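**Q** Turn this into a structure:
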Amino acid sequence: MSVNSPAMKAASHESILARLQDDIDRLPNALARIAKYILENPEKVLHQSVAELGEFAASGEASILRLCRQIGFSGFRDFKLALAAEIGRPGLPPTAAGTADSALQSLHDTMAQNLSIAHNNAESETLAKVAAALAASRRIDLYGAGMSGITAELLAYRLLRVGLTAFAFRNSNMAHEVASGLSPGCVAIGLSISGLTVDTVQFLKGARSAGALTVAITNRARSPLEKAADFTLQASGLQDHPIGGTLTSTIGKIFVIESLMLALGKAMDKPVAK
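**A** I've put the predicted structure just below:
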């Protein structure tokens, strides 16, 4: 690969992962699904063919090639070579490495930024409306996949602590099966960092069809999950690189949960248990 190739040009100007995160809100859903998978699994992508990536990202090969060209690469091979260099694979040019102290500072800055963005995205009026619905609900179902599933369990725990009936599901089949018991007076909450997780979107759509009020907690505005929700609580955005399932992108959702619990305490006219 020559120094004048599209891959080298793109890699020299901006991080590939940063570019994908910057663009994901503006990408069509098929390309956004590919970008989401790459952001979450960059090392796996290095060992996958176009067909394999398409299968895991639930998108066609043509969409993968289109995404590669859109971010400045001539094809999937050039993209993988530049990605390998960026994440520091052996035998390929490494990216500039900082000291341990600078890495910790960068982690601190990312987490602080996510917390700040979540605070800026918080809307008191929306929180109050969701809290009022939760306080009056007969039942609350929550669903999330992967790390969002763990976060859903944390929110369910907080709701149970104040005496509400809440169930968190990480198994999509079970979540869809029990959703048939939802009805008006119930609330369904779907959590997804990207807002693109198909099972989470389907969960909210099914809950809405059953008459439940639906709530999305997501880091991505203008997503399919938002369209399936009556209310959206946006967390921190997609600024950091969730390599290896890091917890940094969860910081914003934790802030959303605690903000919601503060609003719920007012709606229930009592302090929220800690």
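
**Q** Extract the residue ranges of the stretch 151-274 of the chain that are flagged as low pLDDT.
**A** Along the stretch 151-274 of the chain, segments meeting pLDDT under 70 span 237-245, 270-274.

**Q** Would you list the phi and psi of residue 138?
**A** The phi/psi pair for residue 138 (degrees, to the nearest 10) reads phi -80, psi -30.

**Q** In space, what's closest to it - neighbours in sequence excluded?
**A** Here the nearest residue to residue 138 in space, its sequence neighbours aside, is residue 185; by Cβ to Cβ, 6 or more residues apart in numbering that works out to 4.6 Å. Quick note: C-beta positions are derived from backbone N, CA and C, even for glycine.

**Q** mind listing what the one you found touches?
**A** By Cβ atoms under 8 Å, 6 or more residues apart in numbering, the residues touching residue 185 are 136, 137, 138, 139.

**Q** what's the neighbour count on residue 157?
**A** Burial of residue 157 is recorded as 12 neighbouring residues (other Cβ atoms under 10 Å).

**Q** Now do the SS call for it.
**A** helix (DSSP: H, G, I helix; E, B strand; the rest coil).

**Q** what about it, distance to residue 123?
**A** Using Cβ to Cβ, to the nearest Å, one gets 24 Å for the distance from residue 157 to residue 123.

**Q** just to revisit the earlier point, which among the contacts of residue 185 end up buried?
**A** Among those, those classed as buried by 16 or more other Cβ atoms under 10 Å are 137, 139.

**Q** Just the contacts of residue 185: which are in strands?
**A** Secondary-structure check on those using DSSP state E: residues within strands are residue 139.

**Q** Using CSV, lay out the contacts of residue 185 together with distance to residue 201 and pLDDT.
**A** Listed next are the contacts of residue 185 as CSV, based on distance: Cβ to Cβ, whole Å; pLDDT from 0 to 100:
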residue, distance to residue 201, pLDDT
136, 25, 95
137, 21, 96
138, 24, 94
139, 21, 95
